[in-house]
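Chemist: fold the following and give me the result.
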Amino acid sequence: MTETNTLPPTVVRTPGGLFIAGTRITLYDVMDYLAADWPPHLIRQWLNLTEQQITDVMQYIGAHRAELEAEYQQVLQQTEDIRQYWDVRNRERLVHTATKPPTPGQEAARAKLQAWKAKLEQSC
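Modeler: Sure, this is the predicted structure:
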């Protein structure tokens, strides 16, 4: 991309995308607030940005909106792919864990938990 030469000092590109320099705030975060109709002054306050930071970011977003939107869609897709991967992985792990016999300590803890549940049901 040729944008590297046009980045204001407030905006930095990292392997993770475009960030506000010195923060962990992405331009995509700011775009989310803009999409939710937040005015820039409230975004600035909420994200604890300086006036210069929000001005630079808003100018950059305005000048590169189409590129940012396309890049953001890729970020969202990657995030969804990762979420689905871990959902499947965790589901498999949960099934595996559920089929294991409980350890002796777990047996006692489960019995105690069942006793507390029974006691709570009686008091209701």
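
Chemist: list the contacts for residue 34?
Modeler: By CB atoms under 8 Å, 6 or more residues apart in numbering, residue 34 lies in contact with 40, 43, 61. (Each C-beta comes from the backbone N, C-alpha and C, glycine too.)

Chemist: any idea which helix or strand comes after the helix or strand containing it?
Modeler: Per DSSP states H and E, residue 34 falls inside helix 27-35. The first helix or strand that comes after helix 27-35 along the chain, using DSSP H and E, is helix 40-46.

Chemist: so how far is the helix or strand just after that following helix from its chain's centroid?
Modeler: Using DSSP H and E, the helix or strand that follows helix 40-46 towards the C-terminus is helix 51-99. Relative to its chain's centre, helix 51-99 lies at 7 Å (CA atoms, centre = their mean, to the nearest Å).

Chemist: mind pulling up the pLDDT for the residue nearest the centre of the chain?
Modeler: In the chain, the residue lying closest to the centroid (CA atoms, centre = their mean) is residue 79, at 8.6 Å. Predicted confidence (pLDDT) for residue 79: 87.

Chemist: so how far is residue 72 from it?
Modeler: According to CB to CB, to the nearest Å, residue 79 and residue 72 sit 10 Å apart.

Chemist: just residue 47 next, same as before
Modeler: The gap separating residue 47 from residue 72 is 17 Å, by CB to CB.

Chemist: pull out the buried positions in the helix holding residue 34.
Modeler: For helix 27-35, the neighbour count (16 or more other CB atoms under 10 Å) marks 27-31, 33-34 as buried.
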